[in-house]
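Predicted model and sequence follow; I will ask about them next.
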Amino acid sequence: MHLDEIELFLKKEIAPEQFRKDSEIYGFHYGNYSKSKLIKKVMLTMDLNLNALHFAAKNKINLIISLNGLIKDSIKNFKPDLINKLSVLSKYPLTIFVLGSAFYAAEGGILDMILDILYLKLDSPLELKNQHGFKIPVGRICIPNFYPGTNETFTLEKLINRIDSNLKIKPILYLGKLKKEVNSICVIGTEGLFLKYYDEFFSEDCDCFITESTNKSIISLAFDLGINLIEFSFFNCEILALKKLCNYLSLKFPYDEFYLFNSNNPLKLYTNP
C-alpha cells in the first residue's frame with residue numbers, strides 16, 4: 001500500500017480527524033510525508049519511547065502508528081530524552097502517524113473497547129462541542145449487561161469486581177457505597193478531559209462515572225451529590241484496542257506486515273511482602 005491509502009483510512013474510519021482535540025498532536029508527526037511512499041511494514045504502539053523506536057529500526061518498519069506523540073507541548077529546550085529519540089529516528093526512514101484522542105472517541109476505539117471488556121451496553125454517546133461547533137463523543141453513557149442467568153440488582157461493588165476480574169488491574173479507586181444500586185454508567189475518555197468538564201458531565205443523569213483521573217474538587221462534588229466514582233488506569237484497555245486495530249489493519253491491507261509493540265505499563269503496584 002501507499003502512504004495516502006492508510007492515511008485516508010485512519011483519518012476517515014479509525015480516528016476521525018474531526019474528533020481530535022484542537023490543541024493536540026494528530027496525524028503525521030515525523031518523517032517523509034510523501035503520499036506515494038510505499039509502506040510494507042507498520043508498527044502500532046502506545047508511546048514513542050526509546051524501546052519502541054529501537055524495535056521499529058531493528059525490524060525496518062516504514063510507518064509507526066502511535067496513540068501518543070513524541071511531545072505534548074511546544075519545545076522550549078531539547079531534553080536528553082528527546083535528543084536520544086531524534087537520534088534514533090534520524091538514522092532510519094521512518095514515518096510516524098499519531099492517533100491521539102480521536103481514537104478514544106471513534107466508533108470501535110478505546111471507549112468502545114472498555115464497554116466490551118466490562119460488558120456494558122451503550123445507551124447514548126456523551127458529546128461535547130469543540131470550538132468549531134462539532135459534537136465530539138468524548139464519553140459513553142451505558143447500562144450494565146447481565147451475565148447469562150443473572151438478573152440481580154447491579155451494585156457499585158459488582159461493577160468494581162467486574163473491572164477487577166476482566167482487566168486484572170490495580171489499583172481501582174472508588175467513591176460511593178458498595179451496596180448502592182448502579183443504573184446508568186458514564187465512561188469518560190481522554191486524559192484531563194474529566195478534570196476540565198466535570199461540572200457538565202455531572203449534569204448528566206448518571207449515578208456512576210468511570211474515569212482515569214480525578215482531583216479533590218471532583219471528589220468533593222461527587223461526594224456531596226451522592227455520585228459514584230471509579231478511577232483506574234486505562235492502559236490495558238488502550239493496548240487491547242491497539243491489538244484489535246492491528247488485527248483489523250492486517251485484514252484490510254493483507255499484503256503488508258503489521259506489528260504491535262507492547263512496552264507494558266511501566267508503573268508497578270507496590271505490595272508490602
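Good, I have the coordinates. Because the structure is a prediction, the values reported are computed rather than measured.

I'd like the distance from stretch 103-123 to the chain centre, please.
10 Å (CA atoms, centre = their mean, to the nearest Å).

mind listing what's buried in it?
103-106, 109-118, 120 (16 or more other CB atoms under 10 Å). For every residue, glycine as well, the C-beta is placed using N, CA and C.

Among those, which ones are in strands?
residue 120 (DSSP state E).

all helices of the stretch 1-150 of the chain, in order?
Assigned by DSSP state H, counting those that start in this stretch, the stretch 1-150 of the chain shows helices spanning 3-9, 50-58, 80-90, 102-105, 110-117.

Let me know which of those is the nearest to residue 22.
helix 102-105 (11.7 Å; CB to CB).

and the closest one, what other elements does it pack with?
Where contact means 3 or more CB pairs under 8 Å, 6 or more residues apart in numbering; DSSP states H and E, helix 102-105 is packed against helix 110-117, strand 135-144.

Could you dump those into CSV with mean pLDDT and distance to residue 46 added?
Listed next are the helices and strands packed on helix 102-105 as CSV, based on pLDDT from 0 to 100; distance: least, CB to CB, whole Å:
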stretch, mean pLDDT, distance to residue 46
helix 110-117, 96, 11
strand 135-144, 92, 20
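
Nearest to residue 239 among the ones you listed would be which one?
Of those, nearest to residue 239 by CB to CB is helix 110-117, at 9.6 Å.

Give me the contacts around that closest one.
103-105, 120-122, 137, 139-140, 142, 166-167, 187, 189, 210, 234, 237-238, 240-241, 244 (CB atoms under 8 Å, 6 or more residues apart in numbering).

Recalculate using a threshold of 6 Å.
Contact with helix 110-117 is made by 104, 140, 142, 166, 187, 189, 237-238, 240-241, as judged by CB atoms under 6 Å, 6 or more residues apart in numbering.

what do you get for stretch 245-262?
By CB under 6 Å, 6+ apart, stretch 245-262 touches 1, 40-45, 52, 55, 239, 243.

List buried residues within those residues.
1, 42-45, 52, 55, 239.

Give me the number of neighbouring residues for residue 203.
8 (other CB atoms under 10 Å).

Now it. Its backbone dihedrals?
phi -70, psi -10 (degrees, to the nearest 10).

quick one: residue 273 from residue 182, how far?
Between residue 273 and residue 182 the distance is 35 Å, computed by CB to CB, to the nearest Å.

How about residue 215?
In terms of CB to CB, residue 215 sits 23 Å off from residue 182.

Neighbour count: the two, which is higher?
residue 182 (21 against 10).

ok, the nearest residue to the more buried one once chain neighbours are set aside - contacts?
Computed as CB to CB, 6 or more residues apart in numbering, the closest residue to residue 182 that is not its neighbour in sequence is residue 208, at 4.7 Å. Going by CB under 6 Å, 6+ apart, residue 208 touches 182, 185, 228.

One more: residue 190?
101, 104.

Can you tell me the element it falls in?
Using DSSP states H and E, residue 190 is not contained in any helix or strand.

Many thanks, we can stop here.
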